[in-house]
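Asks: Show me how the following folds:
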Amino acid sequence: MSRLSGLTASDRHRVVASDFGSQAAATADWDAPSPVDGWRARDVVAHLTGWFPAFLADGGVRFDAAPSADDPAAVWSAHSARVQELFMRDDVEFSHPRVGTMPLADAVDRFYTADVFMHTWDLAQASGRRPDLDAEFAAQLLDGLRGMEEVLRSSGQYGPAKTAPAGADPVMRLAAFIGRDPHFADAR
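Replies: Residues are numbered from 1 along each chain as shown. The predicted structure is shown next:
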């Protein structure tokens with residue numbers, strides 16, 4: 001049973017951000033390669049804490065980025081707490097030039113929480129771990145992403161899909177779809 005599907009956007013972010021935070025806390029080598037081509041473990045955190053403030057600003061929402069620090073886990077902790085506070089602004093309409101208009105909570109859930117979920121796999125893999133991610137939620141994300149594959153691939157933000165092994169679970173199939181080597185951690 002999915003522990004994410006029936007949650008509110010706020011609660012889903014809290015759980016997903018906590019899972020990512022657990023992976024960050026367990027990361028000993030921030031310079032270890034990640035499954036994202038050219039990225040180290042620290043780059044996974046930098047990506048999530050870097051793109052989101054600009055995305056919100058493009059939609060008219062002010063969001064102060066977490067202060068930089070030498071400790072990516074501490075940066076993540078401060079950043080995810082700030083993101084969680086956005087859910088208290090439930091009357092804010094978010095209007096982004098590329099994604100349209102929607103409630104702010106929906107925008108955070110749809111674009112950011114989903115990204116954190118997928119990058120949790122990357123951060124865990126950088127340390128040779130397989131995270132315990134929600135398979136049902138991964139299957140939902142995969143179904144949604146497949147429906148817009150051409151847009152994803154043309155954006156340059158996703159590499160070519162990899163082949164998931166026969167019998168792979170939805171988490172591994174999602175990782176392969178977004179261009180990650182499903183056997184990355186096995187080679188470490």
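
Asks: what about W121, which SS state?
Replies: Secondary structure, DSSP: H, G, I helix; E, B strand; the rest coil: W121 is helix.

Asks: Quick check: nearest residue in space to it, chain neighbours excluded?
Replies: Nearest residue to W121 in three dimensions, chain neighbours excluded: A175, at 5.2 Å (Cβ to Cβ, 6 or more residues apart in numbering). Any C-beta I mention is one placed from the backbone N, CA and C, and that applies to glycine too.

Asks: Who are the packing partners of the helix or strand containing the one you found?
Replies: In the assignment (DSSP states H and E), A175 maps to helix 170-177. With contacts defined as 3 or more Cβ pairs under 8 Å, 6 or more residues apart in numbering; DSSP states H and E, helix 170-177 has these neighbours: helix 114-126, helix 135-146.

Asks: Figure out which of those helices is closest to H96.
Replies: Closest of the helices and strands packed on helix 170-177 to H96 is helix 114-126, at 14.7 Å (criterion: Cβ to Cβ).

Asks: sorry, back to before: CA atoms only for the helix holding A175, dumped as CSV, please.
Replies: These are the backbone C-alpha positions of helix 170-177, laid out as CSV (Å, rounded to 0.1, in the frame of the first residue of the first chain):
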residue,chain,number,x,y,z
PRO,A,170,8.4,0.6,-10.3
VAL,A,171,11.1,2.6,-8.6
MET,A,172,13.8,1.0,-10.7
ARG,A,173,11.7,1.4,-13.8
LEU,A,174,11.1,5.1,-13.0
ALA,A,175,14.9,5.6,-12.5
ALA,A,176,15.6,3.9,-15.8
PHE,A,177,13.0,6.0,-17.6
